[in-house]
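1. return a 3D structure for these sequence lines:
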Amino acid sequence: SVAVSEKKNVVLIVIDDLGQQDLGVYKKNGTSSYYRTPHIDKLAARSVVFDNAYSTSPQCIPSRVSLLTGKYPVRFDVPNDKTVDYPQKH
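-> Presented below is the predicted three-dimensional model:
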């Protein structure tokens, strides 16, 4: 059994429309040219940072379904932009 003080915390931050290059922690000089992210940069400086990942879909909903379930979104009939019939504008 692991003592409470030895347990590790995991923080997963999911943000729509934010690229890796937009965070200061991934810049060589430590700052982003567009966004200022001092709190995320501080958290990253004290943590393990992953810089290589895979997403099951470029759309928000299917990728979050995969993240939460561990399965491909097609297993849950989650639509993507190609399968949704959007209402036609008149």
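
2. sec struct for the residue nearest to Ile61 when sequence neighbours are not counted, please.
-> Distances taken as CB to CB, 6 or more residues apart in numbering place Val78 nearest to Ile61, at 6.1 Å, with adjacent residues excluded. All C-beta spots, glycine's among them, are computed from the backbone N, C-alpha and C. Using DSSP: H, G, I helix; E, B strand; the rest coil, the structure places Val78 in coil.

3. distance check, Leu18 against Tyr35.
-> 8 Å (CB to CB, to the nearest Å).

4. below-threshold pLDDT in the protein: ranges please.
-> Applying pLDDT under 70 to the chain flags the ranges 1-5, 28-33, 79-90.

5. residue ranges for the helices of it, please.
-> 38-45, 60-69 (DSSP state H).

6. with mean neighbour count and distance to Asn9 as extra columns, can I get those in CSV?
-> Output for the helices of the chain, formatted as CSV (neighbours: other CB atoms under 10 Å; distance: least, CB to CB, whole Å):
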stretch, mean neighbour count, distance to Asn9
helix 38-45, 13, 11
helix 60-69, 15, 18
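
7. now the ones you listed in a markdown table, with distance to Asp22?
-> Output for those, formatted as a markdown table (distance: least, CB to CB, whole Å):
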| stretch | distance to Asp22 |
| --- | --- |
| helix 38-45 | 10 |
| helix 60-69 | 16 |
